[in-house]
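Novice: structure for the following, please:
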Amino acid sequence: MQVAQGKHLLSKDLSEKRKNRRKLIRTLVSQIRVLNSANAVYAIPQLDVVTSFVVRYLNPIVKVNSTVQTDVLEEMFSTLNGDSTLQTAIETLNMKTSFDELKVLQQSFTQTEMERMNTRIRRLVVTTDVRANAEKALHNLMKEIELSQLKYPELDYSLMIEKLNELFTFYMAQAKTRTTIRKQNASGKVSTIKTTTTAENGNSSAAAS
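Specialist: Below you'll find the model as predicted:
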């Protein structure tokens, strides 16, 4: 069975946004460094205001993980939104477009991250419900078989038990295959996974008891 393996559907989009966000942070830090070098030759108005802001928020998160970047950027834009002097200084240096782009990217990244988390939560809830319903159905089935053997001992149940064992073996193999796929998802590879079913001895009791 050919199984295309990959991460969550939103992981690729999230990874791309994470990469672009980190790249834009580095660009802003580099721009301030270049402007400060030029400032040694001629005075650049408002540069000191923006420099202290970038040094405080952006310099420390250039190489940190995305979770820390998200937290710091949230705080940074909260500060920026409430500081008109800082906003004017950024416009004076013609850096407003870059900061606006970073803000939009930050919001988009956070939204995508929330969507992925919510999808995983919904999947977990559905999986739990399915497992509970399956266990209940299986319990009822085995109970009916046991009662039937007591009520009608003269009947031969071997053929039915053999068929149930085949079904249980098949679905157990399928479950193991899916578990293998989930464990390998992080690699993003495509693997060929072969599953086989082997019927157990029909004279034995049912496999799921």
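Novice: now for the biggest helix by length in the chain, which elements pack on it?
Specialist: Secondary structure of the chain read by DSSP state H shows that its longest helix is helix 96-151. If you count contacts as 3 or more C-beta pairs under 8 Å, 6 or more residues apart in numbering; DSSP states H and E, helix 96-151 packs onto helix 11-39, helix 66-81, helix 84-92. In short, each C-beta sits where N, CA and C put it, glycine included.
Novice: in this structure, which residue sits furthest out from the middle?
Specialist: Taking C-alpha atoms, centre = their mean, the residue of the chain most remote from its mean C-alpha position is Glu154, at 55.7 Å.
Novice: assign that residue to helix, strand or coil.
Specialist: coil (DSSP: H, G, I helix; E, B strand; the rest coil).
Novice: report pLDDT for it.
Specialist: For Glu154, the pLDDT comes out at 83.
Novice: what are the phi and psi values at it?
Specialist: phi -80, psi -10 (degrees, to the nearest 10).
Novice: would you convert the helices and strands packed on helix 96-151 into a markdown table that also reports mean pLDDT, distance to Asn140 and mean neighbour count?
Specialist: As requested, the helices and strands packed on helix 96-151 are exported to a markdown table (pLDDT from 0 to 100; distance: least, C-beta to C-beta, whole Å; neighbours: other C-beta atoms under 10 Å):
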| stretch | mean pLDDT | distance to Asn140 | mean neighbour count |
| --- | --- | --- | --- |
| helix 11-39 | 92 | 39 | 15 |
| helix 66-81 | 93 | 46 | 15 |
| helix 84-92 | 96 | 67 | 15 |
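Novice: could I get the ones you listed in a markdown table, plus columns for distance to Gln111?
Specialist: Below are the helices and strands packed on helix 96-151 laid out as a markdown table (distance: least, C-beta to C-beta, whole Å):
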| stretch | distance to Gln111 |
| --- | --- |
| helix 11-39 | 10 |
| helix 66-81 | 12 |
| helix 84-92 | 24 |
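Novice: nearest to Lys143, of these?
Specialist: helix 11-39 (43.2 Å; C-beta to C-beta).
Novice: and the closest one with helix 66-81, angle?
Specialist: For helix 11-39 against helix 66-81, the angle between stretch directions is 50 degrees (axes from the mean of the first three to the mean of the last three C-alpha atoms, to 10 degrees).
Novice: mind starting the numbering at 414 from now?
Specialist: OK, 414 is where the count begins now, so the last one is helix 424-452.
Novice: packing partners for helix 424-452?
Specialist: Against helix 424-452 (3+ C-beta pairs under 8 Å, 6+ apart) you get helix 460-470, helix 479-494, helix 509-564.
Novice: before we move on, back to that, looking at the helices and strands packed on helix 509-564, which is nearest to Ser561?
Specialist: helix 424-452 (49.3 Å).
Novice: chain center to that closest one: distance?
Specialist: Taking C-alpha atoms, centre = their mean, to the nearest Å, one finds the center of helix 424-452 at 24 Å from the center of the full chain.
Novice: how about the secondary structure of Val477?
Specialist: Applying three-state DSSP: Val477 is coil.
Novice: now it. Its backbone dihedrals?
Specialist: The phi/psi pair for Val477 (degrees, to the nearest 10) is phi -80, psi 170.
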